[in-house]
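J.: Only the shape, not the letters, is given here:
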């Protein structure tokens, strides 16, 4: 496997950890409740595999997000394109959170902070180019 070239997955490379807090009975009460491994289940509401680009033959096969204590995260996406299989790896940190959103920053310099949500074991994010990603704990 080789590393994905950034141009192939614009927007996917900015996916990051999402968390929230809540004092109700339905949602998490803090970061400890969100720690764990999440599996990518849908992209834009469709099951995997998901075709990102017909022209490039870019397909997301599977993905995993690990939310870690200490405000960090790791993500792995398995993708295929016309050149074969690729693995995309990303790490970063998440910042302050509220009931509705979390800000997060990939370690990669020049990447802007993003927002998302998590609750009841479901983690959601929308990439800047409009890919809606959903992970299940």
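T.: The structure has been received and is ready for your questions. Everything quoted here is computed from the prediction, not taken from an experiment.
J.: When you work out contacts or count neighbours from here on, use the C-alpha atoms and nothing else.
T.: Fine.
J.: List the buried residues for stretch 48-66?
T.: Residues of stretch 48-66 classed as buried by neighbour count (16 or more other CA atoms under 10 Å): 49-52, 57-66.
J.: I'd like those written out as TSV, with distance to residue 93, pLDDT and secondary structure added.
T.: Shown next, in TSV, are the buried residues of stretch 48-66 (distance: CA to CA, whole Å; pLDDT from 0 to 100; DSSP: H, G, I helix; E, B strand; the rest coil):
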residue	distance to residue 93	pLDDT	secondary structure
49	27	96	coil
50	27	96	strand
51	28	95	strand
52	26	92	strand
57	31	87	coil
58	27	91	strand
59	26	94	strand
60	23	92	strand
61	25	95	strand
62	22	95	strand
63	18	94	strand
64	16	93	strand
65	13	86	strand
66	12	86	strand
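J.: what about residue 124, how many neighbours?
T.: 22 (other CA atoms under 10 Å).
J.: Okay, and it sits in which element?
T.: Assigned by DSSP states H and E, residue 124 falls within strand 122-126.
J.: Show the subsequent helix or strand relative to that strand.
T.: Proceeding N to C from strand 122-126, the next assigned helix or strand is strand 132-136, under DSSP H and E.
J.: Show me which residues of stretch 70-79 are buried.
T.: Applying 16+ other CA under 10 Å to stretch 70-79 flags 71, 72, 73, 74, 75, 76, 77, 78, 79 as buried.
J.: Among the buried residues of stretch 48-66, which one sits closest to residue 34?
T.: The shortest gap between residue 34 and any of the buried residues of stretch 48-66 belongs to residue 66, at 9.7 Å (CA to CA).
J.: Thanks a lot, see you next time.
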